[in-house]
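*Asks:* can you look at this prediction? I've put the sequence above it.
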Amino acid sequence: MGNRYWVWVVVRLGVGVAIVTWAASYMVPGSGEKEFQKTLDAMKQVRSLRAAYTANPFGVQHNEMLWEIDCNRDIVHHQMHLVQTASGVSTAQEVTRDELYAGGFEYDRQNDGSWSKGQYPYRGPAKGYCGSLAQGVDSNLLPQIATMIKRGVLQKGDKKTVNGVRCREWLVTMKGGTRGLEHDTVCLGLEDHLPYEMTVDWENSRTSFSDYNGTIQFDGPEAALEPASNRAGSN
């Protein structure tokens with residue numbers, strides 16, 4: 001009888017420890033959350049970058065986009081090339097855009113290679129992107145790391161090289177099945193923790209990130225790319 005009592009005590013203690021361990025696993029951040037928090041902190045220091053995006057979401061269209069951002073100069077360059085075919089249509093629809101936001105104005109590249117300047121000044125998109133990065137909130141340009149920390153199931157993958165940088169791939173599955181974030185991969189730099197690649201399965205897309213805090217050479221109107229101090233002094 002005595003032996004049974006102690007066996008029962010040991011079993012109950014074991015169950016109690018298992019329950020406490022299980023509960024703690026939900027309260028204490030795991031290695032994935034900690035690594036992604038490092039990424040979020042590193043992204044707050046980003047002042048310039050390139051992001052190249054390709055996608056073929058439905059098998060009938062191809063989409064390419066490029067963003068070049070310089071927060072210090074308040075410049076955004078955006079290119080888009082979209083090819084889409086519809087059922088029963090023999091010819092594909094093609095859309096190409098080349099836009100530059102600099103000096104408070106939008107410039108559009110024309111078919112002859114020249115740039116057309118918008119009529120009215122406005123607050124450029126660089127301030128929006130750069131402000132979101134500095135605050136540690138999702139910018140809709142870099143991976144949505146803040147959302148992934150809150151709602152993602154993060155699984156460590158293998159190491160790989162993207163644009164010459166060694167990074168570790170993470171599989172991200174969002175709790176609640178947020179559209180577009182169900183089964184993504186994000187490759188985080190082993191040294192700087194910054195994202196270098198992201199893939200999204202539902203749209204067959206891949207985005208690569210490069211030139212963090214590097215000098216971006218923009219192709220655009222010379223006057224628009226001058227430092228703000230030069231533009232002010234010319235008036």
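*Replies:* Nice, I can see it.
*Asks:* find the nearest non-adjacent residue to P221, please.
*Replies:* W115 (4.7 Å; C-beta to C-beta, 6 or more residues apart in numbering). The way it works is simple: take the backbone N, C-alpha and C, and place the C-beta from them, glycine included.
*Asks:* show me the contacts for the one you found.
*Replies:* Going by C-beta atoms under 8 Å, 6 or more residues apart in numbering, W115 touches L100, Y107, D108, R109, G220, P221, A224.
*Asks:* now T173
*Replies:* G152, V153, Q155, E182, H183.
*Asks:* give me that answer again for 10 Å
*Replies:* M148, R151, G152, V153, L154, Q155, L181, E182, H183, D184 (C-beta atoms under 10 Å, 6 or more residues apart in numbering).
*Asks:* rewinding a little: show me the contacts of W115 that map onto strands.
*Replies:* Among the contacts of W115, the members falling in strands are L100, Y107, D108, R109 (criterion: DSSP state E).
*Asks:* between these, which has the most around it?
*Replies:* L100 (25 neighbours; other C-beta atoms under 10 Å).
*Asks:* who does that one bridge with?
*Replies:* In this entry, L100 is beta-bridged to H77, Y107, by DSSP bridges.
*Asks:* and of the contacts of T173, the nearest to E64?
*Replies:* D184 (19.3 Å; C-beta to C-beta).
*Asks:* name the nearest residue to T147, sequence neighbours excluded.
*Replies:* Leaving out its chain neighbours, the residue that sits closest to T147 by C-beta to C-beta, 6+ apart is D138, at 5.8 Å.
*Asks:* quick one: secondary structure of Q119?
*Replies:* Look at Q119: counting by DSSP: H, G, I helix; E, B strand; the rest coil, its state is coil.
*Asks:* so what's the residue nearest to the spatial centre of the chain up against?
*Replies:* Residue closest to the average C-alpha location in the chain (C-alpha atoms, centre = their mean): L142, at 1.9 Å. The neighbours of L142, taking C-beta under 10 Å, 6+ apart as the test, are 39-40, 43, 46, 49, 51, 67, 69, 129, 132-133, 186, 194-195, 198, 207, 209, 212.
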